[in-house]
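Colleague: build me a model from this:
(one chain, ligands or ions: 1)
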Amino acid sequence: MDYARYDRIRAVQWRDDHLRLLDQRRLPFEEAWIDCADAAAVAQAIRDLAVRGAPAIGIAAAWGVVLAMRRGADLDVVLATLRAARPTAVNLMWALDRMKARIAAGADAAALVAEAQAIQDEDLAANRRMGALGAALIAPGSGVLTHCNTGSLATAGFGTALGVIRAGVAEGRIARVYAGETRPWLQGARLTMWELVRDGIPARLIADSAAAHLMKSGAVQWVIVGADRIAANGDTANKIGTYQLAIAARHHGVGFMVVAPSSTVDMATPGGDAIEIELRDPAELLEVAGRRMVAEGAQAWNPVFDVTPAALIDALVTERGVIERPDAASMRAAFG
Ligand SMILES: CSC[C@H]1O[C@H](OP(=O)(O)O)[C@H](O)[C@@H]1O
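Modeller: Just a heads-up that it's a prediction; the model follows:
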């Protein structure tokens, strides 16, 4: 099925001698672009969440390596700097390992451009495939809840979990869409709602704290989320708040679907406890839109991911197929 009308946003754009990034800190009210001329600028954009989303940061980092090669920079230093930009999303390390392997094999600048372009093109193709695979699991007339932003802004385009929602709406399977605001950075409120409004897909924003109440109402049949790192036993790291959605979904008999390309699977990490959870500046929690909301002197703890155990996941959708109730055995069979 043609989803083209839902596939127009490209947040990461290679422009031959620089990388253009849609600055996601400025959305939804301003569409501002950052032109990165070197790898340091790309690393800073990743650290600052100007570009964010597991696949998108891997793609941006791959282009950062191309910029470094073009400028004759020390590639070992560049690879280490980009790798350290954020710790949880394995797509970053996966993309850099692919670029490093090409460099080790003697790739010239043109071959590195081809590799970065392949990483970006493969992600878009994977998202379209996952959209169809995930939508097929959703019975017509269903309601869905999603968390954070997993759309075109977080990927090469179309999205992972949001790609399934786009496909499900296009196929007439999804009747109601809800998006959680996703405190503290508000990826759901600021980014997912922006994407859905642009698509013309009716959706309702909910407070993160309203999710269990929504599930109790019977309005949603699936919670559909993305991932930043899926361990060898199926445990999945994703945006903070995902774990409690999975607990509430299981309690209310709502399906829990994780949608991520195979570049998010990390078979070298045995289980969720081994996944590093990024801690960000507490100021992101103490402020909203740069305005402090909490008494001076108050402190905050700001982990930005959590881990959902595989036992709470009903379906893991990758471009390779669907794994029902993932576990170590089914992960090994699918990803080796
Ligand atoms: C398809 S994006 C996957 C993942 O990345 C997001 O995190 P962040 O906005 O901090 O980069 C979120 O966890 C999404 O589910």
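Colleague: for the spatially closest residue to D228 that is not a sequence neighbour, list the residues it contacts.
Modeller: Closest residue in space to D228, ignoring its immediate chain neighbours: A89 at 4.1 Å, by Cβ to Cβ, 6 or more residues apart in numbering. All C-beta spots, glycine's among them, are computed from the backbone N, C-alpha and C. A89 makes contact with A54, I57, G58, D228, R229, T264, according to Cβ atoms under 8 Å, 6 or more residues apart in numbering.
Colleague: may I see these organised as TSV, with neighbour count added?
Modeller: Putting the contacts of A89 into TSV (neighbours: other Cβ atoms under 10 Å) gives the following:
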residue	neighbour count
A54	29
I57	28
G58	31
D228	30
R229	29
T264	26
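Colleague: per-residue confidence for the residue nearest to D228?
Modeller: Looking at A89, its pLDDT is 98.
Colleague: quick one, phi/psi of it?
Modeller: phi -70, psi 110 (degrees, to the nearest 10).
Colleague: secondary structure element for V77, which one?
Modeller: helix 75-83 (DSSP states H and E).
Colleague: kindly report the residues of the chain close to the ligand.
Modeller: Neighbours of the ligand within the chain, by Cβ under 6 Å from any ligand atom: 52-55, 148, 150, 154-155, 160, 187, 225-228, 238-239, 304.
Colleague: next step: the residues you listed restricted to helices.
Modeller: Per DSSP state H, helices hold the following members of the residues of the chain next to the ligand: A54, P55.
Colleague: mind checking the end-to-end distance for stretch 251-263?
Modeller: 30 Å (Cα to Cα, to the nearest Å).
Colleague: related to what we said a few turns ago, now do the buried residues in the helix holding V77.
Modeller: The neighbour-count check on helix 75-83 (16 or more other Cβ atoms under 10 Å) flags L75, V78, L79, T81, L82, R83 as buried.
Colleague: I'd say the third one and K100 touch.
Modeller: Yes. Using Cβ atoms under 8 Å, L79 makes contact with K100 at a distance of 5.7 Å.
Colleague: so which residues make contact with the helix holding V77?
Modeller: 39-40, 42-43, 46, 61, 64-65, 68-69, 92-93, 96, 99-100, 103.
Colleague: again, but for stretch 95-106
Modeller: 58-59, 61-62, 65-66, 69, 75, 79, 82-83, 111-112, 115-116, 119, 263.
Colleague: so how do I select the buried members of these in ChimeraX?
Modeller: The ChimeraX command for the buried members of the contacts of stretch 95-106 (criterion: 16+ other Cβ under 10 Å) is given here:
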select :58,59,61,62,65,66,69,75,79,82,83,112,115,116,119,263
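Colleague: re earlier: out of the contacts of A89, who's nearest the ligand?
Modeller: A54 (4.0 Å; Cβ to the nearest ligand atom).
Colleague: how close does the closest one sit to A298?
Modeller: 31 Å (Cβ to Cβ, to the nearest Å).
Colleague: before we move on, what about V51?
Modeller: For V51, the distance to A298 - Cβ to Cβ - is 30 Å.
Colleague: who are the contact partners of the nearest residue to T269 once chain neighbours are set aside?
Modeller: Excluding the flanking residues, the one nearest T269 by Cβ to Cβ, 6+ apart is A231, at 4.5 Å. Contacts for A231 (Cβ under 8 Å, 6+ apart) come out as A237, D266, T269, P270, G271, G272, A274, I275.
Colleague: ok, now Q299?
Modeller: P282.
Colleague: what about it, which SS state?
Modeller: Secondary structure, DSSP: H, G, I helix; E, B strand; the rest coil: Q299 is coil.
Colleague: distance of it relative to the ligand?
Modeller: 22 Å (Cβ to the nearest ligand atom, to the nearest Å).
Colleague: and if you look at Q44?
Modeller: Counting by Cβ to the nearest ligand atom, the gap from Q44 to the ligand is 15 Å.
Colleague: tell me how many other residues crowd that residue.
Modeller: Other residues within reach of Q44, judged by other Cβ atoms under 10 Å, total 15.
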